[in-house]
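A.B. asks: Structure, please.
(2 chains)
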Amino acid sequence: MSMKHPGTSAIETKGLWGAYKWLILRRLSQAFFLALFLVGPISGYWLVKGTLASSLTLDVLPLTDPFIFLQSLLAGHVMETSAIIGVLILSAAYFIVGGRVYCSWVCPVNVVSDSASWLRRRLGWKKTGIKLPRQSALWVMAGVFVTSFVSATLVWEFFNPVTILHRSIVFGAFTTVAFIAGVMFLIELIGGDRIWCSRLCPVGAFYGLIGKVSLVKISAKNRKACNDCMDCYAVCPEAHVISPALKGEKDQNGPVILSGDCTNCARCLDVCSEHVFEFSLRTKNTMDDVRPFEGDADKDSTKAA
Amino acid sequence: MTQTKAKQKTVSRRDFLGNAAKGACGVGLISLALGAAVREAEGKLPADAIRPPGALAEKDFLSACVRCGLCVRDCPYDTLDLADLGTETVTGTPYFNARKIPCEMCEDIPCVVACPTGALDKSLTNIDDARMGIAVLVDHENCLNFNGLRCDVCYRVCPLIDEAITLERSANERTGKHAVFIPTVHGDKCTGCGKCEQACVLPDTAIRVLPERLARGKLGEHYRLGWEEKRKLGKSLIEGQHIIDLPDRGYSAPAQTDTGGYKGFKP
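C.D. replies: Numbering: from 1, shown residues only, chains lettered A, B, ... in the order given. Predicted coordinates for the structure are as follows:
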């Protein structure tokens, strides 16, 4: 229940697996997506060729990053049909599972960012570092689009630590892997709380736009059981997304976390000892979708009104 | 059913304009910073880094290539590589170093087929039409053929032997009685595959594939080569125009041989 050790009460009530399930699944997912790309270079059987920027799975399924595609389009280049199909497939997939699912379930920088954030918590540095406005990543994204258009080049690909890190892993440039991981770790540790991933990274901002309309969302369905331990706020990489849903009862807000900033990382599901959060759909956002609080008849009756 | 009601936030005109101005300034500043950084990073492709066949012109290439590495994966000879961070070539873009591994000019051009974005132009279907660069015999002083030896290696390995590289014979002025065979690259045929550069027997190669911007000069638009015009027209352009041919003074043409050459000229 402390800011340094969030999830302690969840471990007590739900056990280790219950309190770390989604975190473990997420790490497995990140490892899985990296492994897909590594099967080819290691074994010679090309399950997936390419990188996160653009790939070809089993020689049939093309996937292309929509953010890079848009930069290219603004730079004045229209890609081949296979890349456009790849963009459509990926966009549709993230439209379903949640835009910033890319950030928390696929992106290799997330592991670095999470580690730095964990250390910040342990060191009590949570409030140190530079504070940037919430929309700053959107500014960077807009800046990338403007400069891509003006200079007719894929601007972000000169800097993008996500694709550089991923490419260096897949192509075995391990010095670069260590360099990028180190730099990103320091930025996230010293620069400020999630300063890169939630305040600067235009890739995340872009997927956040998809997240504004995407289908699968986390719902504070059981919010009436909330005991205000604040553990979810402590672990959430985008803590501002929680309140409208969790504390929305008085404003007649539905229980679904609608913000595109939410990465669907589901750490809040883990650390909550009261089972407040669960995966749900954007559409299930009426007051009727809030679960009545068992064991408290008074609150239950107010809800029904 | 109780519908949810989002709290209606009233935004005053002042707030709205203030936020819009803040956003515009933020985007503007970031754009300037990114623009400056890109100019710094973009640079020019180093002369010994050659793009794969079918690559668009460098500027267009950088707007199209997503640095996915699919061309590198499908290159059967490990010719292509992705530029690593910290090298002169733009990070993540494909290139090859001809001295190390040249392009083998596959007939099916797998790298072009693999490219999902069109950074490698799909309209390239005949590898002989590729223009990755142009070989230039840069060092006349150390080239063995220039020194009168018959090395000929660059000529022999050229996939377009006698088209892209020919041996042009001329007199060996040093010995006065031998010929030198000058390896001569023809820019209209050379694909820039780099086989010659790789094969050059010198410790440092005398022939190198260079990007076209460095390898070629350009004739002025207005310039006409008389003999070309004459060939096109089928006759002299100045025939019958009363051009006065002044007599040559102080020069007497050497006696001609039966075959039309000049006596006393030793090739």
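A.B. asks: residue ranges of the helices in the stretch 1-150 of chain B, please?
C.D. replies: B:13-42, B:58-64, B:70-74, B:110-114 (DSSP state H, counting those that start in this stretch).
A.B. asks: again, but for chain A
C.D. replies: A:8-43, A:66-74, A:81-97, A:101, A:109-123, A:136-151, A:161-170, A:174-186, A:202-211, A:231-235, A:242-246, A:267-271, A:297-304 (DSSP state H).
A.B. asks: Now tell me which of those the model trusts least on average.
C.D. replies: Set side by side, the helices of chain A differ in mean pLDDT, and helix A:297-304 is lowest with a mean of 45.
A.B. asks: returning to that earlier point: so which of the helices of chain A is nearest chain B?
C.D. replies: Closest of these to chain B is helix A:136-151, at 3.3 Å (criterion: CB to the nearest CB). (Each C-beta comes from the backbone N, C-alpha and C, glycine too.)
A.B. asks: So which bits of that closest one are buried?
C.D. replies: A:136-149, A:151 (16 or more other CB atoms under 10 Å in any protein chain shown).
A.B. asks: do stretch A:178-189 as well
C.D. replies: Here stretch A:178-189 shows A:179-181, A:184-185, A:187-189 as buried, counting by 16+ other CB under 10 Å.
A.B. asks: before we move on, what about stretch A:14-34?
C.D. replies: Buried residues in stretch A:14-34 (16+ other CB under 10 Å): A:14, A:19-20, A:22-23, A:26, A:30, A:33-34.
A.B. asks: again, but for stretch B:46-53
C.D. replies: B:48-53.
A.B. asks: got it, and stretch A:110-121?
C.D. replies: A:110-114, A:116-117, A:120-121.
A.B. asks: can you redo those as a markdown table with distance to chain B?
C.D. replies: What follows is these, written out as a markdown table (distance: CB to the nearest CB, whole Å):
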| residue | distance to chain B |
| --- | --- |
| A:Asn110 | 20 |
| A:Val111 | 19 |
| A:Val112 | 16 |
| A:Ser113 | 19 |
| A:Asp114 | 23 |
| A:Ala116 | 21 |
| A:Ser117 | 24 |
| A:Arg120 | 25 |
| A:Arg121 | 29 |
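A.B. asks: Can you lay out the residues you listed as CSV showing distance to B:Leu70?
C.D. replies: Shown next, in CSV, are the buried residues of stretch A:110-121 (distance: CB to CB, whole Å):
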residue, distance to B:Leu70
A:Asn110, 25
A:Val111, 25
A:Val112, 26
A:Ser113, 28
A:Asp114, 30
A:Ala116, 32
A:Ser117, 34
A:Arg120, 38
A:Arg121, 40
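A.B. asks: Which one of those residues is nearest to B:Ser123?
C.D. replies: Using CB to CB, A:Asn110 is the member of those that lies nearest B:Ser123, at 40.1 Å.
A.B. asks: Go ahead and confirm that closest one touches A:Ser104.
C.D. replies: Yes: using CB atoms under 8 Å, A:Asn110 is in contact with A:Ser104, at 5.7 Å.
A.B. asks: okay, now B:Arg169: neighbour count?
C.D. replies: B:Arg169 is flanked by 11 other residues according to other CB atoms under 10 Å in any protein chain shown.
A.B. asks: re the thing from before, can you narrow the buried residues of stretch A:178-189 down to the ones near chain B?
C.D. replies: Among the buried residues of stretch A:178-189, proximity to chain B is found for A:179-180 (CB under 8 Å from any CB of the partner chain).
A.B. asks: Please convert the buried residues of stretch A:178-189 to a markdown table, extending it with distance to A:Ile169.
C.D. replies: Converted to a markdown table, the buried residues of stretch A:178-189 look like this (distance: CB to CB, whole Å):
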| residue | distance to A:Ile169 |
| --- | --- |
| A:Phe179 | 12 |
| A:Ile180 | 10 |
| A:Ala181 | 9 |
| A:Met184 | 13 |
| A:Phe185 | 15 |
| A:Ile187 | 19 |
| A:Glu188 | 18 |
| A:Leu189 | 21 |
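A.B. asks: of the buried residues of stretch A:178-189, closest to A:Asn253?
C.D. replies: A:Glu188 (31.0 Å).
A.B. asks: dump the residue contacts of that closest one.
C.D. replies: Listed by CB atoms under 8 Å, 6 or more residues apart in numbering or on different chains, the contact set of A:Glu188 reads A:112-113, A:116-117, A:120, A:194-197.
A.B. asks: from these, which single one is nearest B:Leu160?
C.D. replies: Once CB to CB is applied, the member of these that ends up nearest B:Leu160 is A:Val112, at 49.8 Å.
A.B. asks: From what I see, that closest one and A:Leu186 are in contact.
C.D. replies: No: between A:Val112 and A:Leu186 there is no contact under CB under 8 Å: 9.7 Å.
A.B. asks: If you drop the residues flanking it in sequence, what lies closest to residue 179?
C.D. replies: Using chain A here. B:Leu85 (7.0 Å; CB to CB, 6 or more residues apart in numbering or on different chains).
A.B. asks: Chain B, not that one
C.D. replies: B:Arg169 (5.1 Å).
A.B. asks: Up against chain B, what does the stretch 101-250 of chain A have?
C.D. replies: Within the stretch 101-250 of chain A, the positions adjacent to chain B are A:133, A:135-136, A:138-140, A:142-144, A:146-147, A:150-155, A:157-159, A:163-164, A:167-168, A:170-171, A:173, A:175-176, A:179-180, A:248 by CB under 8 Å from any CB.
A.B. asks: Let me know the secondary structure of the residue nearest to B:Ala179.
C.D. replies: strand (DSSP: H, G, I helix; E, B strand; the rest coil).
A.B. asks: re the thing from before, dump the helices of the stretch 1-150 of chain B to a markdown table, plus distance to A:Val290 and mean neighbour count.
C.D. replies: Supplementary listing: the helices of the stretch 1-150 of chain B in a markdown table, determined by distance: least, CB to CB, whole Å; neighbours: other CB atoms under 10 Å in any protein chain shown:
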| stretch | distance to A:Val290 | mean neighbour count |
| --- | --- | --- |
| helix B:13-42 | 32 | 14 |
| helix B:58-64 | 50 | 20 |
| helix B:70-74 | 48 | 23 |
| helix B:110-114 | 52 | 20 |
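A.B. asks: how about CSV for these, with distance to chain A added?
C.D. replies: Formatted as CSV, those follow (distance: least, CB to the nearest CB, whole Å):
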stretch, distance to chain A
helix B:13-42, 3
helix B:58-64, 4
helix B:70-74, 5
helix B:110-114, 8
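A.B. asks: The ones you listed into CSV, with extra columns for distance to A:His5 and mean pLDDT?
C.D. replies: CSV is the format used below for the helices of the stretch 1-150 of chain B (distance: least, CB to CB, whole Å; pLDDT from 0 to 100):
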stretch, distance to A:His5, mean pLDDT
helix B:13-42, 36, 82
helix B:58-64, 48, 87
helix B:70-74, 45, 92
helix B:110-114, 50, 93
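A.B. asks: wait, which of these is closest to B:Leu160?
C.D. replies: Of all the helices of the stretch 1-150 of chain B, helix B:110-114 comes closest under CB to CB, at 18.6 Å.
A.B. asks: Quick check: chain neighbours aside, which residue is closest to B:Thr89?
C.D. replies: B:Ala83 (3.7 Å).
A.B. asks: The one you found touches B:Val72, doesn't it?
C.D. replies: No: under the criterion of CB under 8 Å, B:Ala83 is not in contact with B:Val72, lying 10.5 Å apart.
A.B. asks: Quick check: neighbours shared by the two?
C.D. replies: B:Pro94.
A.B. asks: and B:Thr125, what pLDDT?
C.D. replies: 91.
A.B. asks: That one: what's it in contact with?
C.D. replies: B:Ile109.
A.B. asks: Could you tell me the phi and psi values at it?
C.D. replies: Main-chain torsions, B:Thr125, degrees, to the nearest 10: phi -120, psi -20.
A.B. asks: gap between the two ends of stretch B:109-122?
C.D. replies: One end of stretch B:109-122 to the other measures 10 Å (CA to CA, to the nearest Å).
A.B. asks: residues touching the nearest residue to A:Arg121 once chain neighbours are set aside, list them.
C.D. replies: Nearest non-adjacent residue to A:Arg121, counting by CB to CB, 6+ apart: A:Lys4, 5.9 Å away. A:Lys4 makes contact with A:121-122, A:124, according to CB under 8 Å, 6+ apart.
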